[in-house]
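[1] Sequence and predicted structure are below.
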Amino acid sequence: MKIKKLPLFAVILCFSAAAFGQSAKPEAKPEPKALPAASEIIANYVKAIGGRDAVQKISRRVATGTVELQPMGVKGTFESIMAAPGKSYTKMKLAGIGEMLEGFDGTTSWSINPIQGSREKTGAELLQVKLTNNFYRDINLEKLYPKMEVKGIEKVGGNEAYVLTATPEGLGADTLYFDTKTGLLVRADSVLLSPEGNQNATIFYEDHRNVDGVKLAYRVRTILSQMEIVMNIAEIKHGGEDRPELFQKPKI
């Protein structure tokens, strides 16, 4: 099977109906509720995932599971390793495509796969890798996104969510959706950068579970223009042997 444009980091990223009625007298519209400040929404999010202290106790995470590219029906497995402060390694095996590797050692971001071959990421693409691979990103959103604005409330999966536009240094804005009841991040809209062209992506974070005092999404769906990438995590482990060589680009 040939897939020309498959941004692996999209996989790693490693997330209306209206009723009308009539009456003799038009009803007065209720006053819109005052929206909380962005700082309050972010503070509630940090609390919802377990709190700053719980997150900072962890410095290494290993996740394994399955991945499927829809509607093509391509299936495979993945292993993702992240380490503080911002290192990552992902190995994915897709049926009919082969093995895909991607890593970031904190300075150099690299990928090796049958579609693009071996390459390093630079410029804005590298900035995006640094942003998305920050191990403590969830508790440092206000630092990583110095400009935040609350836009309103929208439905995500039938539930209401606060909508924030968040702009990092040197990159375009992301749109983040936080459930108004649970406080959890349930959706993110972003533009994924790649040599084949930038792609709009809608990422849904689902099936949150508690792991060592921190809530993490066990199902992540990334919707691109050509496909939907569904990642189902089978197991998440924290700690383990430190293997810095994994994050470095292999010599080939």
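    Ah, there it is.

[2] which residues in the stretch 51-200 of the chain form helices?
    Secondary structure of the stretch 51-200 of the chain by DSSP state H, counting those that start in this stretch: the helices cover 52-56, 123-132, 141-144.

[3] Could you identify which of these is most buried?
    helix 123-132 (a mean of 18; mean count of other C-beta atoms under 10 Å). Where C-beta positions appear, they are placed from N, C-alpha and C, glycine not excepted.

[4] Check which helices and strands that one is in contact with.
    Packing partners of helix 123-132 (3 or more C-beta pairs under 8 Å, 6 or more residues apart in numbering; DSSP states H and E): helix 8-12, strand 109-113.

[5] Can you name the element that comes right after the first one?
    Past helix 8-12, further along toward the C-terminus, the next helix or strand under DSSP states H and E is helix 38-48.

[6] What lies in contact with that next one?
    36, 52, 55, 138-139, 141-142, 148-150, 162, 164, 178, 182-185, 215 (C-beta atoms under 8 Å, 6 or more residues apart in numbering).

[7] for it, which positions count as buried?
    Ala38, Ile41, Ile42, Asn44, Tyr45, Val46, Ala48 (16 or more other C-beta atoms under 10 Å).

[8] Report the mean confidence score over that helix.
    The average pLDDT for helix 38-48 rounds to 98.

[9] among the contacts of helix 38-48, which are in strands?
    Among these, the members falling in strands (DSSP state E) are Met148, Glu149, Val150, Tyr162, Leu164, Phe178, Leu185, Lys215.

[10] Report the two members of the residues you listed separated by the largest distance.
    Spatially, the most separated pair among these is Glu149 and Lys215, at 25.4 Å (C-beta to C-beta).

[11] Pick out whichever of these two has more residues nearby.
    Lys215 (17 against 11; other C-beta atoms under 10 Å).

[12] Pull the distance from stretch 99-106 to the chain's centre.
    Here the centre of stretch 99-106 is set off from its chain's centre by 16 Å, with C-alpha atoms, centre = their mean, to the nearest Å.

[13] Give me the contact list for it.
    By C-beta under 8 Å, 6+ apart, stretch 99-106 touches 8-9, 12, 85-94, 109-115, 129-130, 133, 244, 246-250.
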